[in-house]
Every structure is written in C-alpha cells, then in structure tokens.
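Colleague: Let's see this in three dimensions:
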Amino acid sequence: MTPMGTAYGIYIRNSTQSKTLTCPCGPSYRSWSIDVNASGVPYNGTLNNLNVIYRIGPSSGSWEYGPSLGITTYGYLPTVSGSMSTAQYVTSIATLYKAGTTKIDQVQAVAP
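Modeller: Numbering: from 1, shown residues only. Sure thing, here's the model as predicted:
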C-alpha cells in the first residue's frame, strides 16, 4: 500500500502533500508539493544520485521527471509543486542510487 503524505525509506524522506484552496473567481482546486531529502547515505568517493518522478492521477499518463541531484552522504531536492483539480491526486517516487547505478532505496507517497 502506498503511504499518504510523508513516507520514509532507509535513507529517503518523501513528503508529498496537497491542500484544497478556494478561489473567489471559480471552483476550488488543490495545490500540491513534493519535498525529498536523503541522509545517512553511504559514500565511497563516487557521487550517489537522488531523484524523483511524479504524476497526477487518476490517469494512465506518463511519469514526469522531477529534479535529480548528485549527493555524498545527504542532500535535498528542490521542491516540485503545481495545482490540480479537487478530483485528482499526485503520486511521487523518490529513488536513491549508490554511485549512480545500484538502487539502494525507493519511497513512494501519494497526496489526495
């Protein structure tokens, strides 16, 4: 089962949130944001890679690439944000690769 909101892996924290907003000029909508960081990552002199992908549902649309960053023992990705209808949700998957090639952690989260 996919965690709602903030999910934790071995090294990754994936905070995927949304908030319903009311616009006086039209219907309500949701703003969403994805914040990913990693800490305590093993480092052997070659940069590790932290990245995130996301998509707005319900749909079978393609995954969008979020930020990707080379890190040593810790790192923070820039926040990804946007808006969607109140009937939609955002799903994100954060992944950490050791030395850029071997997956060592992956965390999925969803915000309604």
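
Colleague: where in the protein is pLDDT low?
Modeller: Within the chain, the stretches with pLDDT under 70 are 1-3, 60.

Colleague: Contacts only, for the closest residue to Tyr76 other than its chain neighbours.
Modeller: For Tyr76, ignoring the flanking residues on the chain, the nearest one in space by CB to CB, 6 or more residues apart in numbering is Asn37 at 4.4 Å. Heads up, the C-betas are built off the backbone N, CA and C, glycines and all. Neighbouring residues of Asn37 by CB atoms under 8 Å, 6 or more residues apart in numbering: Ile12, Arg13, Tyr74, Gly75, Tyr76, Leu77.

Colleague: Tell me where this structure has strands.
Modeller: 6-8, 12-21, 29-38, 48-57, 64-71, 75-76, 80-84, 89-98, 102-111 (DSSP state E).

Colleague: tilt between the second one and strand 48-57?
Modeller: Put plainly, it is strand 12-21. Per axes from the mean of the first three to the mean of the last three CA atoms, to 10 degrees, the angle that strand 12-21 makes with strand 48-57 is 30 degrees.

Colleague: Distance from strand 12-21 to the middle of the chain?
Modeller: 8 Å (CA atoms, centre = their mean, to the nearest Å).

Colleague: So for it, what gets flagged as buried?
Modeller: Ile12, Arg13, Asn14, Ser15, Thr16, Gln17, Ser18 (16 or more other CB atoms under 10 Å).

Colleague: who's in contact with stretch 91-105?
Modeller: 2, 9-12, 14, 16, 34, 36, 38, 41-42, 44, 46-55, 57, 63, 66, 70, 77, 80, 106-110.
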